[in-house]
Every structure is written in C-alpha cells, then in structure tokens.
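Participant: Generate a structure from the sequence data that follows.
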Amino acid sequence: MELIDIILSRKSVRSYTDEPVTPEQVEFMLKAAMAAPSGMNIQPWRFVVVTEQATKAKMAVGFNKMIAKAPVAIVVCGKLTNNLGIANHNWTADCAAATENLLLAAESLGLGAVWTACYPYDDRMGPAIEALGLPDNVKPYCIIPVGHPARDEKPKDKWKPENIHYEKW
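Facilitator: Numbers count the residues shown, from 1 in each chain. Down below sits the predicted model:
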C-alpha cells in the first residue's frame, strides 16, 4: 500500500480473531513507533508488549475492555525525565507521535488496533502501572490492543474543510 492509502485506511478496531500476532509483526510496529519525531531527540518512549492474558485483563478497565480480548497489547509509556534527571515536558507529544506510527504500521500489516487512553486518567494509569510494575519516572501514555480484525471495519471520513483557516482565523 502507498503511505497515503495506509493513512486514509487507518481505523479503530476493537474486536479481534484468535489468530496470533507474530513476534515479527510486533517488532515491525515497534520499529515504526521508534522512528517517530522526538523533541530534542530525547526519545522518552518505552514500550511494554503484553501477551499474558492475566496482565491484559488487569489493564482492561472502563472503556478499555477490548484490551483483554486482543492477542497482544502494546503499552506506550513515557519516561518523565531525561538521562540527566531533568523533567521532559514533551514526553506526551513524543509518545503521541510514536503511537500514531505504531497504528499506521499495524494498518500496513493488515492488523487491527485502537488507541486506548491511559494518561492522564488515574483510574486507567493505576491498573497499568500496577500490572506492569512501572518505575516512578515512567507513566503509561496509552494501551494499543492489536490483533486480526474480527469484522470488516471501515475508516471514518474525517475531512472537514471548515476546520481549516488560512493566514488568520
């Protein structure tokens, strides 16, 4: 697929078959995620790949129930400080860029995925922090359940020219 086709085909997939996601597919998605831009090239993203059912179930809270049903969940985390211990205020933007790359890579592989929010919601972050044993200076930004789509999902048309302004508002 051409890149623009992948971008325009991306959709949120919340139901999956039992077919496994291969380690090679996971690595491909993580390589794409780590190719994202990063402020001052700090690259604060950290990833936890979860296939264990019990761990996925612990993180599947509220609207994120689909996490437990996906063959794999990739938790995008952000390191809050740089290597000198200085606060990194751009970690959320950097993790967002990595997340989008990951979602596009999943789409290019014919996999289904969805961005489920974690940060800044304590009721979502807490279970992930506990289930994964994250250190104090690492926060879960989002959880991406990934699998083979159970249904034929269609992308939404989000093109809205009325949201565009030129030169001034």
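
Participant: who does the longest strand anywhere in the chain pair up with?
Facilitator: When the chain is scanned for its longest strand (criterion: DSSP state E), the result is strand 138-147. Strands that pair with strand 138-147, judged by DSSP bridges, come out as strand 72-79 (antiparallel), strand 112-113 (antiparallel), strand 116-117 (antiparallel).

Participant: Just say which of these is most tucked in.
Facilitator: strand 112-113 (a mean of 28; mean count of other C-beta atoms under 10 Å). (C-beta placed from N, C-alpha, C; glycine too.)

Participant: list the buried ones in stretch 39-52?
Facilitator: Using 16 or more other C-beta atoms under 10 Å as the test for burial, stretch 39-52 gives 42, 43, 44, 45, 46, 47, 48, 50.

Participant: again, but for stretch 95-113
Facilitator: So, applying 16+ other C-beta under 10 Å, buried residues of stretch 95-113: 95-109, 111-113.

Participant: Stretch 129-147 too?
Facilitator: Neighbour counts over stretch 129-147 (16+ other C-beta under 10 Å) mark 129, 131-132, 134, 138-147 as buried.

Participant: could you dump those to JSON lines with distance to residue 17 and pLDDT?
Facilitator: Listed next are those as JSON lines, based on distance: C-beta to C-beta, whole Å; pLDDT from 0 to 100:
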{"residue": "129", "distance to residue 17": "30", "pLDDT": "98"}
{"residue": "131", "distance to residue 17": "24", "pLDDT": "98"}
{"residue": "132", "distance to residue 17": "25", "pLDDT": "98"}
{"residue": "134", "distance to residue 17": "30", "pLDDT": "98"}
{"residue": "138", "distance to residue 17": "32", "pLDDT": "97"}
{"residue": "139", "distance to residue 17": "31", "pLDDT": "98"}
{"residue": "140", "distance to residue 17": "26", "pLDDT": "98"}
{"residue": "141", "distance to residue 17": "27", "pLDDT": "98"}
{"residue": "142", "distance to residue 17": "23", "pLDDT": "98"}
{"residue": "143", "distance to residue 17": "19", "pLDDT": "98"}
{"residue": "144", "distance to residue 17": "17", "pLDDT": "98"}
{"residue": "145", "distance to residue 17": "13", "pLDDT": "98"}
{"residue": "146", "distance to residue 17": "12", "pLDDT": "98"}
{"residue": "147", "distance to residue 17": "7", "pLDDT": "98"}
